[in-house]
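Visitor: Let me see the structure of the following:
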Amino acid sequence: KSGFGLRFSEGPCGLLAQNTTDTSRRSYLPPSELNIADVEADLKLEGHEWSFGMSGMSLYLSQKEKLAVRIESPGDAQSGDETLKSSWSSQMDVSNVMPKTVFSLEQEGGTRRFELALNVTLCPSIFSRTKFITIFPRYQIVNLLDRHIFVAQDGSLDFETKIPSQTCIPFHWDVSSLPPKVRLCSALGNSSKDCFELWSNGCIQLDKVGITSMRLPLSNSKETEHVDEEPMIVQTEVRLATKDQSSAIVVVIWSANEKSNPLYLLRNKSSQIIFCRQKLSEVPNTKRDINSKPSFNIGLSLSAFGSCTSSFPSEPFEVDGIAG
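Guide: Numbering: from 1, shown residues only. Next comes the predicted model:
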C-alpha cells in the first residue's frame, strides 16, 4: 500500500551480501518479463499475484525473520516516467506482531526521502502461523475543502503536489535536508506556477500532532485576468491514523466555520485603539521569491474598551511581549 514497487530481502542485496539474494522478492512484475511465454501462462492462474509479486502482493520467507525494504518502481517509456530506486532500509524484525513502525528510504542519485510505516499482524483462523506484513506511507493528506490545493515542502515550492477536492494522497519529501514542514496554495488551474504569490505564509509541521489555523490566499487567476478573493480561513489537524487507515499520520485540511470558537482571540481592554499586523518572512523559499520584499500583512484593528476580534494567523505573533 506504499504506492511504489518494492523489493524485499533479509538484508541489503549487493556485492557484500550475496547470501541474501535467495530471499529477495518483489511486489511488482517488471514490464520486460510480461512477454515471457511461461509468465504469460502463469498469469492466467487465479492467485498468481502472490507468487509473482504483483499488485503490491508477494509471498516472503525468511528463516531469520528479518526484512529489509527498497523502492524499485519501474519506469514507463510511454509516459516518460523514469525508474525510481532508493537505498535499502536497515533490517527490521518481523518475528512478532508489531504496530505501524516508521522507517525512511533515501532516493538513489536524488534528494528525495520516502517515509513509510511497517505493520505486522497475524492472519486469522487456521492461517495464524502466517504473518501479514503491510507497508503504508507515513503521511496522508486529506483535502476536505471545496477546491483543489497544492502542497509543497517549505523551502522547495517548485515541487508541488496537487490534491483534488475531497480526496487524499500520500506525501513524501522532495528535499531530505529541509525541515518536515509544508505550505499550502489554492488555485483553480492544474498548476500553481502562475500563482506562486498565493502560497500560505505559515507552515504545517507534519511531525508534531496538533491543530492550527491559517489564512489561505485565494484567486480566480486565469491566463488573461487575475481576480483576487478574500483569504480563506482553513484549519489543519495532524493526528495519528486509526487502525483502518492506510498511513501512520493523517493531515486533515478543512474550511473553518465562522460560528465555531476561533483558535485565537485578541481582546482590547485599554482606552486606545490598537492595530495589529503580522510580519511576513524575510527569507525567500524559492528562486521566484528572491525579488519579493519583506512586508506586513494580515492587519486588523481593535476598538477601545473590551472590543475583541478573532484571527487565524499563519505564524505565531507577538503583541507587547505577549506571544500568541
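Visitor: For the rest of this, base every contact and every neighbour count on C-alpha atoms.
Guide: Fine.
Visitor: what residues are up against Arg7?
Guide: Applying Cα atoms under 8 Å, 6 or more residues apart in numbering, we find Arg7 in contact with Ser24, Arg25, Arg26, Ser27, Val69, Arg70, Ile71, Glu72.
Visitor: Phe103 too?
Guide: Going by Cα under 8 Å, 6+ apart, Phe103 touches Ser89, Glu115, Leu116, Ala117, Leu118.
Visitor: measure it to Asp207 for me?
Guide: Distance, Phe103 to Asp207, by Cα to Cα, to the nearest Å: 13 Å.
Visitor: How about Ser73?
Guide: 26 Å.
Visitor: Pick out whichever of the two has more residues nearby.
Guide: Neighbour totals were compared for Ser73 and Asp207, and Ser73 leads with 21 against 13 (other Cα atoms under 10 Å).
Visitor: so what's the more buried one closest to, chain neighbours aside?
Guide: Gly5 (4.4 Å; Cα to Cα, 6 or more residues apart in numbering).
Visitor: Before we go further, Glu49 is sitting in a helix, right?
Guide: Yes - assessed with DSSP: H, G, I helix; E, B strand; the rest coil, Glu49 lies in a helix.
Visitor: and Ala304, what pLDDT?
Guide: On pLDDT, Ala304 comes in at 57.
Visitor: now Ala241
Guide: The score at Ala241 is 92. That number is its pLDDT.
Visitor: Pull the contacting residues for it.
Guide: By Cα under 8 Å, 6+ apart, the residues touching Ala241 are Ser247, Ala248, Ile249, Val250.
Visitor: now, which of these lie within strands?
Guide: Judged by DSSP state E, the subset of the contacts of Ala241 located in strands is Ile249, Val250.
Visitor: Roughly how far does the residue nearest in space to the middle of the chain sit from Phe150?
Guide: Geometric centre of the chain, nearest residue: Phe171, 2.2 Å, by Cα atoms, centre = their mean. Note on Phe171: its distance to Phe150, by Cα to Cα, is 12 Å.
Visitor: and what of Lys66?
Guide: 38 Å.
Visitor: Please identify which of the two sits among more neighbours.
Guide: Counted by other Cα under 10 Å, Lys66 and Phe150 do not tie: Phe150 has more neighbours, with 21 against 17.
Visitor: Am I right that that one sits in a helix?
Guide: No - counting by three-state DSSP, Phe150 is not part of a helix but strand.
Visitor: tell me, how many neighbours does the residue lying closest to it once chain neighbours are set aside end up with?
Guide: Once flanking residues are discounted, Phe150 sits nearest to Lys162: 4.5 Å by Cα to Cα, 6+ apart. By the measure other Cα under 10 Å, the count of residues near Lys162 is 18.
Visitor: circling back to that earlier point, pick out whichever of the contacts of Arg7 sits closest to Cys203.
Guide: Nearest to Cys203 among these, counting by Cα to Cα, is Ile71 at 28.7 Å.
Visitor: where exactly do the helices run in the stretch 151-300 of the chain?
Guide: Applying DSSP state H, counting those that start in this stretch to the stretch 151-300 of the chain gives no helices.
Visitor: ranges for the strands of it?
Guide: Assigned by DSSP state E, counting those that start in this stretch, the stretch 151-300 of the chain shows strands spanning 161-163, 167-171, 181-186, 204-205, 210-219, 228-240, 249-255, 265-268, 274-279, 296-302.
Visitor: And these, which one averages the lowest pLDDT?
Guide: Minimum mean pLDDT among the strands of the stretch 151-300 of the chain: strand 296-302, a mean of 52.
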